[in-house]
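Asks: let me see the structure of the following:
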Amino acid sequence: MGETGGTLLIKRYASRRLYNTETSDYVTLEDIAGFIREGREVQIVDLKSGDDLTRQYLLQIIAEHESKGENVLPLGVLTDLVRSYTTQAQSVVPQFLHASFEMLRDGQSKMMENMGAMHPMANMPGFDAMRAQQQAFLKAMTGGNWPSASSETEREEPESSEELSDIKAQLADLQSKLSKLDK
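Replies: The predicted structure is shown next:
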């Protein structure tokens, strides 16, 4: 199940069974979650209509984990997400979530970099798996719109504190708009 490159295509049959086109066998939601944890990009399409069902199934995977007591999303966040579907905040919420998760990812990446090979945890069994799982989680939460660890080094960093201030101001503006819409 290692990464073979490219997006793994999963086809959903009329019987709702999921078919892995790479290995020519049926898979479960847990198998798909495993592929994502391994860092694979996954696309799920309906065989008959060709509709992309990836978002629907990723949400289902998250819902199943949450229902099993693996609570990652606080109740307040879930409540706010539900509210965002019924308000004019729809246009702001995705950008806000994207910016928030990007800040989280950047913070985690910097923390992992700081740990480096000199940190005792770097030699701990499962450390690399934990790092890959965090990256896969963040990709899943953002619909795969974040760069992977390999492309992270290619990403441009803000060249000055002025650019960083602009980014912070944009985030503060988004937060302000969200709070106004909530009232």
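Asks: just for the chain, where's the confidence low?
Replies: 1-5, 87-91, 112, 114-125, 127, 131, 134-160, 181-183 (pLDDT under 70).
Asks: quick one, phi/psi of Leu174?
Replies: Here is the backbone geometry of Leu174 (degrees, to the nearest 10): phi -60, psi -40.
Asks: which ones are touching the residue nearest to it when sequence neighbours are not counted?
Replies: Leaving aside its chain neighbours, Leu174 sits nearest to Phe96 (4.8 Å; criterion: Cβ to Cβ, 6 or more residues apart in numbering). Where you see a C-beta, it was placed from the backbone N, CA and C, and this is true even at glycine. By Cβ atoms under 8 Å, 6 or more residues apart in numbering, the contact set of Phe96 is Leu171, Leu174, Gln175, Leu178.
Asks: tally of neighbours for Ala14?
Replies: Close neighbours of Ala14, defined as other Cβ atoms under 10 Å, add up to 8.
Asks: okay, now Tyr13: neighbour count?
Replies: Using other Cβ under 10 Å: Tyr13 sits among 12 other residues.
Asks: mind giving me the domain ranges of this protein?
Replies: With domains defined by automatic domain parsing, the chain comprises 8-67, 75-182.
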